[in-house]
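# kindly return the folded structure for what I paste below:
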Amino acid sequence: MNLFSTLFSRNKPSVEATEAPIAPLIKFHLTQAHFLFKLDDFQAAIHHCNEVLALDPTRAEAYQLRGLSRYELQDFIGAGEDLRFSLNLS
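Residues are numbered from 1 along each chain as shown. Predicted coordinates:
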C-alpha cells in the first residue's frame, strides 16, 4: 500500500502498515539505552527507555533496563516497580 492510497483510501490501514515505521525507532532507542547503560550514563538510558515505552508500553525489555538504571541511581522504589512490571509482561 503506497502513501497516496493510505492517506486517501476509505479503508483503514492494516495494523502492519501503521506499526512498521515504529519498529526501527524502538530498536534504535533500545540499542541506545543498552549502550548508555554500559557507559554508566543511567539518566540517558532511562530517557531512551521512556522513548521506547511511549511507542510500545508492552516492551518488557525497556522496563527491565529502566529498572536496572533506576537501581544504579539508587531509586529503589522505581526500580522495584519497573522490574516487577517487566516480570509480569514476560
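
# give me the number of residues near residue 42?
21 (other Cβ atoms under 10 Å). Heads up, the C-betas are built off the backbone N, CA and C, glycines and all.

# list the contacts for it?
36, 69-70, 72-73 (Cβ atoms under 8 Å, 6 or more residues apart in numbering).

# filter the residues you listed down to just the ones in helices.
Those of the contacts of residue 42 mapping onto helices are 36, 69-70, 72, per DSSP state H.

# now the contacts of residue 42: which count as buried?
Burial by neighbour count, 16 or more other Cβ atoms under 10 Å: within the contacts of residue 42 this picks out 36, 69-70.

# so which helix or strand takes in residue 65?
Counting by DSSP states H and E, the element that carries residue 65 is helix 60-72.

# name the residues that touch that helix?
Residues outside helix 60-72 that contact it (Cβ under 8 Å, 6+ apart): 29-30, 33-34, 37, 40, 42-43, 45-46, 49-50, 52-53, 56, 76, 78-83, 85-87, 89-90.

# one more pass at 6 Å, please.
With contact meaning Cβ atoms under 6 Å, 6 or more residues apart in numbering, helix 60-72 is reached by 33, 37, 42, 45-46, 49, 52-53, 78-79, 82-83, 85-86, 89-90.

# how about that helix: buried residues?
Under 16+ other Cβ under 10 Å, the buried positions of helix 60-72 are 61-71.

# burial check on residue 40, number of neighbours?
10.

# distance of it relative to residue 55?
Distance of residue 40 to residue 55, computed by Cβ to Cβ, to the nearest Å: 25 Å.

# again, but for residue 89
To residue 55, residue 89 is 15 Å away according to Cβ to Cβ.

# what of residue 49?
11 Å.

# neighbour count for those two, which is higher?
Each of residue 49 and residue 55 has its neighbours counted (other Cβ under 10 Å); residue 49 has more, 29 against 15.
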